[in-house]
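Asks: Provide a 3D model corresponding to the input given below.
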Amino acid sequence: MGLHEKILDRSARVGIIGLGYVGLPLAVEFAKAGYETVGIDVDDRRVNDISAGRSYIQDVPEAELKSVVEGGKLTATTDCSVLKHVDSVSVCVPTPLRKTKDPDIQYIVDATARIKENLHRGLLIVLESTTYPGTTDEILLSEFTGAGLQVGRDFYLAFSPERVDPGNPHYGTHNTPKIIGGVTPECTRLAQQLYERVVERVIPVSSTKAAEMVKLLENTFRMVNIGLVNEIAIMCDKLNLDVWEIIEAAATKPFGFMPFYPGPGLGGHCIPIDPLYLSWKLKLLNYNARFIELASEINTNMPEYVSTKVGRALNKRRKAVNGSSILVLGISYKRDISDTRESPALDIIRLLQEEGASVSYSDPGESPQLRLRGFGRRPPRV
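Replies: Okay, the predicted model is just below:
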């Protein structure tokens, strides 16, 4: 039986590499759709939690996870040899930046090596990790074709960017449209057929590179507009204007304007990082992505701007930052989630502590990730 038939009758076995905020929700959706699904992760704790039906991802209800695990549709392991027995594998591993702001695709490279070790005829591979345009062809395809198999005939390769918005009560994996771009038309067709079983709408594009670029456009759009409104906030401050009043009034225009709101900087894994993948790629082509670089500079400097405003506010009351007790309300990078990745609140806490302030924080979704951000002593929670 071919892959097409297995997809249609749901006998295809699905593998997911990386069981984080992208991989676990995707694995649960495949399992709910009736596919035998196996999740692969290097973290024993994640594997043990899934096996026990415990959800560690906010957007995955524990009842749903437990149901598919107890029903035998979802299993988890650290053993990549299970890839020998799957019909498709989706790669959902992290893609951080190095300190030099160069892409760190080591997790993709490692996953590619594990798949290559277990590559077999009929396997569909879909990369979902956000990366620079050309990664699927330059990294994955070059490795797999070296194994003596022909793409589009012996195995199938596509890119489908994740579109996860943690904590969004309206849009999740199932009802967020999915972009698919394959190396060949047959790769696109089979990937589209598979994902259409778990996602309400799938949109095919012309190539893997086009699909990779779609994701970077989406997040660059947000990064640049947030950078713009953050600069507008600084301008309004200097002009003694209320930026919130200005935005609220501008948002009444029924066309040609979309409201964005200022904040203390960018957080999360995507928006502060993904556009810099594109900027890095263009530098290799001797082009400077000026909007991206400028927006990144403005957003990166917002914690410093906020801490300076705190100092000025204290100074007006004849107080110094040094020795003052300061309460930070909220440490996650967005409201109603417990994720502190790249949260500007952590930078603000650090800057205030460096000035001698005694900083406390209050956040109902406290995360242990604070310990991972270089704090010698965790600020007291109130």
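
Asks: Isn't Val109 up against Ile139?
Replies: Yes. Assessed by C-beta atoms under 8 Å, Val109 is found in contact with Ile139 at 6.6 Å. C-beta: built from backbone N, CA, C; applies to glycine.

Asks: residues in contact with the one helix or strand Leu294 maps to?
Replies: Using DSSP states H and E, Leu294 sits in helix 290-300. Helix 290-300 is contacted by residues 220, 223-224, 226-228, 230-231, 265-266, 272, 275-276, 278-279 when judged by C-beta atoms under 8 Å, 6 or more residues apart in numbering.

Asks: Can you give me the end-to-end span of stretch 244-262?
Replies: 9 Å (C-alpha to C-alpha, to the nearest Å).

Asks: could we number from 5 for the rest of this?
Replies: New numbering, starting at 5: the last item is stretch 248-266.

Asks: Now that stretch: buried residues?
Replies: For stretch 248-266, burial by neighbour count (16 or more other C-beta atoms under 10 Å) applies to Ile250, Ile251, Phe264, Pro266.

Asks: CA atoms only for the helix holding Leu298 - export them in PDB, please.
Replies: Extracted in PDB, the C-alpha atoms of helix 294-304 (Å, rounded to 0.1, in the frame of the first residue of the first chain):
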ATOM      1  CA  ARG A 294      17.400  47.800   7.000                       C
ATOM      2  CA  PHE A 295      13.800  47.700   8.400                       C
ATOM      3  CA  ILE A 296      14.600  44.500  10.300                       C
ATOM      4  CA  GLU A 297      17.800  45.800  11.800                       C
ATOM      5  CA  LEU A 298      16.300  49.100  12.800                       C
ATOM      6  CA  ALA A 299      13.200  47.500  14.400                       C
ATOM      7  CA  SER A 300      15.400  45.000  16.200                       C
ATOM      8  CA  GLU A 301      17.500  47.900  17.600                       C
ATOM      9  CA  ILE A 302      14.500  49.800  18.800                       C
ATOM     10  CA  ASN A 303      12.800  46.800  20.400                       C
ATOM     11  CA  THR A 304      16.000  45.600  22.000                       C
END
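
Asks: what mean pLDDT does it have?
Replies: For helix 294-304, mean pLDDT rounds to 95.

Asks: Tell me how far it lies from the chain's centre.
Replies: Centroid separation for helix 294-304 versus its chain: 19 Å, with C-alpha atoms, centre = their mean, to the nearest Å.

Asks: can you pull out the strands in the stretch 155-304 of the chain?
Replies: 160-163, 182-186, 206-208 (DSSP state E, counting those that start in this stretch).

Asks: Can you add mean pLDDT and give those back as a markdown table?
Replies: Listed next are the strands of the stretch 155-304 of the chain as a markdown table, based on pLDDT from 0 to 100:
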| stretch | mean pLDDT |
| --- | --- |
| strand 160-163 | 98 |
| strand 182-186 | 98 |
| strand 206-208 | 98 |
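
Asks: so which of these is the most packed in?
Replies: Mean neighbours per residue, mean count of other C-beta atoms under 10 Å, is largest over the strands of the stretch 155-304 of the chain for strand 160-163, with a mean of 28.

Asks: partners of that one, with directions?
Replies: strand 128-131 (parallel), strand 182-186 (antiparallel) (DSSP bridges).

Asks: Put together CSV for these, with distance to Arg193 on each row.
Replies: Output for those, formatted as CSV (distance: least, C-beta to C-beta, whole Å):
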stretch, distance to Arg193
strand 128-131, 10
strand 182-186, 7
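
Asks: mind checking which of the ones you listed is nearest Ala293?
Replies: strand 182-186 (21.3 Å; C-beta to C-beta).

Asks: Contacts made by that closest one with the rest, please.
Replies: 130, 156, 160-165, 167, 192-196, 199, 203, 205-216, 218-219.

Asks: For ChimeraX, what selects the buried ones among those residues?
Replies: Restricted to buried positions by 16+ other C-beta under 10 Å, the ChimeraX selection for the contacts of strand 182-186 reads:
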select :130,156,160,161,162,163,164,165,167,192,193,194,195,196,199,203,206,208,209,211,212,213,215,216,218,219
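
Asks: for Glu40, phi and psi?
Replies: With angles defined as degrees, to the nearest 10, Glu40 sits at phi -70, psi 120.

Asks: How about the contacts made by it?
Replies: Arg17, Val18, Gly76, Lys77.

Asks: 10 Å instead?
Replies: Contact partners of Glu40, counting by C-beta atoms under 10 Å, 6 or more residues apart in numbering, are 14-19, 34, 76-79, 89-91.
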